[in-house]
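Student: Predicted coordinates and the sequence they were generated for:
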Amino acid sequence: MRQHVPDANITGYEPLITAMTNDAKDRHVLAVAVRADADAIVTFNLDDFPDHATEPFQVDVIHPDDFVLNQIDLAPRLVLRTLQRQVDGYCEPTMDLFGLAAALDRGGCPGTAAELRLQIIPA
């Protein structure tokens with residue numbers, strides 16, 4: 001991670017944890033987002049980040065399905081190439097884009113799975 005995203009390691013967020021009002025087990029996540037001046041947190045745990053806790057910091061909370069769909073909308077070819085590179089790197093077990101779509105369905109991202117299928121099956 002450090003090699004590809006050097007700014008990914010956030011420090012100095014610990015003093016902010018006690019000021020966070022979201023779910024106690026995820027306060028460190030919001031504190032890191034605030035410290036990093038992040039625009040959003042991408043998580044399946046939407047309920048752990050209620051609006052009253054995130055709005056003062058202008059941090060949006062986005063479901064992974066919505067996040068990836070937004071990326072596909074912005075740059076469909078880039079996302080498809082990136083997903084292809086991802087599955088090309090799978091060794092045990094191997095996977096193709098159809099397998100990835102099935103995994104996304106099972107993992108809680110049905111919209112992304114459906115859009116991926118549309119992208120890989122010509123109309």
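Tutor: It's in. Numbers count the residues shown, from 1 in each chain.
Student: What segments of the protein are strands?
Tutor: With DSSP state E as the criterion, the chain has strands at 40-42, 60-62.
Student: For these, give me JSON lines that also has mean neighbour count.
Tutor: Where you see a C-beta, it was placed from the backbone N, CA and C, and this is true even at glycine. Converted to JSON lines, these look like this (neighbours: other CB atoms under 10 Å):
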{"stretch": "strand 40-42", "mean neighbour count": "16"}
{"stretch": "strand 60-62", "mean neighbour count": "18"}
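Student: From D47, how far off is the residue nearest to L16 when sequence neighbours are not counted?
Tutor: The shortest distance from L16 to any non-neighbouring residue, by CB to CB, 6 or more residues apart in numbering, is to A31 (4.0 Å). A31 is 18 Å from D47, where distance means CB to CB, to the nearest Å.
Student: the more surrounded of those two?
Tutor: A direct count of neighbours by other CB atoms under 10 Å for A31 and D47 places A31 higher, at 22 against 11.
Student: Tell me if I'm right that the more buried one and M20 touch.
Tutor: Yes - under the criterion of CB atoms under 8 Å, A31 is in contact with M20, at a separation of 5.5 Å.
Student: Regarding M95, what are the backbone dihedral angles?
Tutor: Backbone torsions for M95, taken as degrees, to the nearest 10, come to phi -150, psi 150.
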